[in-house]
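In: give me a model of this one.
(chains A and B)
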Amino acid sequence: MDENALPQRPNARQRMRAQRAAEAEAATSSDQTTCATTTACSGRRLIPVSEPNAICVSPDQGTAMGDAAEPDYIPTSSLRSQGRTPDGDEDVPNPLLLPLQYPPAGPGEAGNEAADGGGGNLPPYRSAAVGTYKFEYLDHTADVQLHAWGNNLTEAFENCALAMFNYMSPLEHVRPRETRSYRAEGHDLPSLLFSFLDELLFVFATELFLAVEVHIQSFDRTSFVIEAEGVGEAFNRDIHEVGTEIKAITYSAMSIKERENDAELFVIVDI
Amino acid sequence: MIAPQEMSYIRQLGPVSYEVKEGFVPGMRVPGVVYVNNALKGLIFEELQQAVQRGDHGGFLPAVKQLANVAALPGIVKRSIALPDVHSGYGFAIGNVAAFDMDNPEAVVSPGGVGFDINCGVRLIRTNLTEADVAPVREQLAQALFDHIPVGVGSQGIIPTTAKDMESALELGMDWSLREGYAWAEDKEHCEEYGRMLNADPRHVSSRAKKRGLPQMGTLGAGNHYAEVQVVDEVLDPVAARRMGIDTKGQVVVMIHSGSRGLGHQVATDALVAMERAMARDGIVTNDRQLACARIGSAEGQSYLAAMACAANYAWVNRSSMTFLARQAFAKLFKSTPDDLDMHVVYDVSHNIAKVEQHLVDGKYMRLLVHRKGSTRAFPPHHPLIPVDYQLIGQPVLVGGTMGTASYVLTGTEQGFKETFGSTCHGAGRARSRNSSRNKLDYQQVLDNLKAKGISIRVASPKLVMEEAPESYKDVCAVVDTCHEAGISKKAVKLRPIAVIKG
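Out: Residues are numbered from 1 along each chain as shown, chains lettered A, B, ... in the order given. Coordinates of the predicted model:
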């Protein structure tokens, strides 16, 4: 493929280089596996192979706020800020030619070879979880269905929000630098979920804000109001990977299931 | 094996049409009809089979069921129509046409029947360049277009717009572009509705929608939107092609497929929320929660139609802006002017819209609100609403193929006007889910395939390359052939891409 044929994004190349180096290191010391699901937890977490009975540990989320000294992102509409100008870095292979590392390699990939239809080979339940997150993307002909779960409904809602953001730009590159607060209202649980995701999408559409962490501070089940806080940063072509834009949230096949210590949601989003 | 019960309601009407009889779902008022040929029917029935199997665990309604649910809506006239590229959508299937009687007080309007991307459509611009002229600078051309036209997630418009401009643009549509100098006067002639829906009223568009739309004015968008430089591959109807000015084999044209971006989506979302409340009040019952609708005469119905018209105008302004940017890109690269390059708009069609039209049903004229979701209007020759210079050939229909495959220009026919309210397919229609495409296809392979065909490509998102690979879509040739065979539109020109710009 002609070097000049594809868009050149210098920071993406640096990022890929660093990632490859880190993976080369991790591969040699890779001795992790997933814990068996217990009744206390419905997700699958990583534990060292040498300690099969270890209590599952939370993934390291990193520090809460980033470097306070850096300036806030100020969106501009110039072509330059969209990273279109190629630079002359020739010796590094083009990142778009490298095999994709998305989602991050991990045991969560087991179910990704699931059938895409025809014959009824439906994938095992929750097996296509992205990395260590509690969400997965399910097949839909033209759009995509978000499937998120958690120990309770609040957690499931939060994970659904992350699922949405992750589809637009992989969250592994989003740093938790700023906060935004959100408020959503509905008249029943489905409309509340709809309104919550719509609000997050709206803030993304207007301010390009991606949240790598979503914390629901209050979830009122009688008046159906959610107040939440998102931690993340504004989308920047030079730093973040471009995913697929989500146009709207739909009620299509929406389902919210709650059980003892487990809740899950299905939402189809319009691409 | 689909339950024999389901299949008993489906019977073949002709070589390329199937009827879905009343009773397939409860409450059907009219039958459904599906235009599909043998090559494509497998996909549609596979969708049905999968849904029957999945049951309650996170599935989605197959297109055939959605077609039937639409046939149960109050005020629907004649039949619920599915075109060869039909696939499951929100409420209505994509590729579903339904007409409602404007003079029936019970008849409804449904945002699901228009789609989230209001006035998603295609515009074709011709040039007087040939493939030989463009071949030496093909990569620069692709790069120039990619630089001029903002694409992809988070892209921002580069044509300066204020909130006040936005209001005018929503109300005036292409007239605003003309006033601001982005469009040529003759562009309006070659656009549906002359680029402006007159019942637009920006007061019915929420400020949330306007806020979403403002930074995105003049952007291409993401998903299946694209800008392509194509060449005329085959002229199948020389008379029609000559009238359109694209009758030379190897002639270069530009095709832009885009819609109303965030504004349209927000308008649709807002309307759905409002109509859901209204449904309980007006006693409208549907088989599917997403088939939110309102009586056409109600406040919500009228408000939606006015807001939809604004979103449609916004999309036309968008396409006009991108036409302007494409003209600039070509002019700069070929050191000429757009006028000298004969960069006229051949036609601009809309495939997600609802229009008030007059149709002859069972011998009498009726005023119908025709919802076309993923379906293009295809009016026959001598219809008063098509441009003067196309009166003899019929309305041009632009059918975009997928990335790297062919696109077509068709013309409308009398038979189509009678059978499908003058509607035909819109594109290839998806065959495979985005998720499985992301997981199964290798984008390097997809890109190599494109390069092997001699196509330059610029994409903002690598993942989209896999989601949008031709393998994920139905075969556009089969779709267009089916429409041609059914007589609802006639093939005129086949186009082949040489450069693709995607978000």
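In: quick one: the helices in the stretch 301-450 of chain B?
Out: B:414-419, B:434-440, B:443-452 (DSSP state H, counting those that start in this stretch).
In: what sits against the closest residue to residue B:409 other than its chain neighbours?
Out: Excluding the flanking residues, the one nearest residue B:409 by CB to CB, 6 or more residues apart in numbering or on different chains is residue B:493, at 4.2 Å. Every C-beta, even on glycine, is put in place using the N, C-alpha and C of the backbone. Counting by CB atoms under 8 Å, 6 or more residues apart in numbering or on different chains, residue B:493 touches B:232, B:234, B:235, B:236, B:237, B:240, B:241, B:244, B:246, B:247, B:408, B:409.
In: can you give me the strands in chain A?
Out: Secondary structure of chain A, counting by DSSP state E: strands at A:32-34, A:46-48, A:135-138, A:144-150, A:178-185, A:209-220, A:225-234, A:248-249, A:255-259, A:262-270.
In: quick one on the thing from earlier: quick check: the residue nearest to residue B:409 is in a helix.
Out: No - counting by DSSP: H, G, I helix; E, B strand; the rest coil, residue B:493 falls outside a helix, being strand.
In: hang on, the earlier thing: reformat the strands of chain A as JSON lines; add mean pLDDT and mean neighbour count.
Out: Putting the strands of chain A into JSON lines (pLDDT from 0 to 100; neighbours: other CB atoms under 10 Å in any protein chain shown) gives the following:
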{"stretch": "strand A:32-34", "mean pLDDT": "54", "mean neighbour count": "15"}
{"stretch": "strand A:46-48", "mean pLDDT": "52", "mean neighbour count": "15"}
{"stretch": "strand A:135-138", "mean pLDDT": "90", "mean neighbour count": "24"}
{"stretch": "strand A:144-150", "mean pLDDT": "91", "mean neighbour count": "24"}
{"stretch": "strand A:178-185", "mean pLDDT": "94", "mean neighbour count": "16"}
{"stretch": "strand A:209-220", "mean pLDDT": "93", "mean neighbour count": "18"}
{"stretch": "strand A:225-234", "mean pLDDT": "94", "mean neighbour count": "20"}
{"stretch": "strand A:248-249", "mean pLDDT": "88", "mean neighbour count": "25"}
{"stretch": "strand A:255-259", "mean pLDDT": "91", "mean neighbour count": "14"}
{"stretch": "strand A:262-270", "mean pLDDT": "91", "mean neighbour count": "23"}
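In: any weak-confidence spans in the chain?
Out: No chain in the question, so chain A it is. For chain A, applying pLDDT under 70 flags the ranges A:1-125, A:141.
In: actually it's chain B I care about, not the one you picked
Out: Using pLDDT under 70, the flagged stretches of chain B are B:1-4, B:52, B:54-60, B:431-432.
In: surely residue B:502 is in contact with residue B:403?
Out: Yes - applying CB atoms under 8 Å, one finds residue B:502 in contact with residue B:403, separated by 6.7 Å.
In: can you redo the strands of chain A as CSV with distance to residue B:297?
Out: As requested, the strands of chain A are arranged in CSV below (distance: least, CB to CB, whole Å):
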stretch, distance to residue B:297
strand A:32-34, 58
strand A:46-48, 59
strand A:135-138, 40
strand A:144-150, 36
strand A:178-185, 29
strand A:209-220, 37
strand A:225-234, 34
strand A:248-249, 27
strand A:255-259, 34
strand A:262-270, 28
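In: can you redo these as a markdown table with distance to chain B?
Out: Below are the strands of chain A laid out as a markdown table (distance: least, CB to the nearest CB, whole Å):
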| stretch | distance to chain B |
| --- | --- |
| strand A:32-34 | 19 |
| strand A:46-48 | 21 |
| strand A:135-138 | 5 |
| strand A:144-150 | 5 |
| strand A:178-185 | 11 |
| strand A:209-220 | 9 |
| strand A:225-234 | 9 |
| strand A:248-249 | 4 |
| strand A:255-259 | 7 |
| strand A:262-270 | 4 |
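In: of those strands, which approaches residue B:125 most closely?
Out: Nearest to residue B:125, of all the strands of chain A, is strand A:262-270, at 28.0 Å by CB to CB.
In: the closest one vs strand A:144-150, what angle?
Out: 160 degrees (axes from the mean of the first three to the mean of the last three CA atoms, to 10 degrees).
In: Provide the strand pairings for strand A:262-270, with the direction of each partner.
Out: Pairing partners of strand A:262-270, with direction, according to DSSP bridges: strand A:144-150 (antiparallel), strand A:248-249 (antiparallel), strand A:255-259 (antiparallel).
In: how about those strands in CSV, adding distance to residue B:360?
Out: Below are the strands paired with strand A:262-270 laid out as CSV (distance: least, CB to CB, whole Å):
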stretch, distance to residue B:360
strand A:144-150, 42
strand A:248-249, 36
strand A:255-259, 44
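In: residue contacts, the nearest residue to residue B:175 once chain neighbours are set aside?
Out: Of all residues not flanking residue B:175 in the chain, residue B:196 sits nearest, at 5.4 Å (CB to CB, 6+ apart). By CB under 8 Å, 6+ apart, the contact list for residue B:196 reads B:172, B:173, B:174, B:175, B:188, B:313, B:316.
In: so residue B:295 is in contact with residue B:303, correct?
Out: No - the pair residue B:295 / residue B:303 is not scored as a contact, 12.0 Å apart, by CB under 8 Å.
In: which one's more surrounded, those two?
Out: Per other CB atoms under 10 Å in any protein chain shown, whichever of residue B:295 and residue B:303 has more neighbours is residue B:295, with 23 against 19.
In: please report how far the more buried one lies from residue B:93.
Out: 23 Å (CB to CB, to the nearest Å).
In: then residue B:461?
Out: 27 Å.
In: looking at these two, which is more packed in?
Out: Higher neighbour count among residue B:461 and residue B:93: residue B:93, with 33 against 23, using other CB under 10 Å.
In: with chain A as the reference, measure out to that one.
Out: Distance of residue B:93 to chain A, given as CB to the nearest CB, to the nearest Å: 10 Å.
In: contacting residues around that residue?
Out: Contacts of residue B:93 by CB under 8 Å, 6+ apart are B:63, B:66, B:67, B:70, B:82, B:86, B:87, B:373, B:374.
In: how about a markdown table for the residues you listed, with distance to residue B:45 and secondary structure added?
Out: Output for these, formatted as a markdown table (distance: CB to CB, whole Å; DSSP: H, G, I helix; E, B strand; the rest coil):
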| residue | distance to residue B:45 | secondary structure |
| --- | --- | --- |
| B:63 | 10 | helix |
| B:66 | 14 | helix |
| B:67 | 13 | helix |
| B:70 | 18 | helix |
| B:82 | 12 | strand |
| B:86 | 12 | strand |
| B:87 | 12 | strand |
| B:373 | 21 | strand |
| B:374 | 19 | coil |
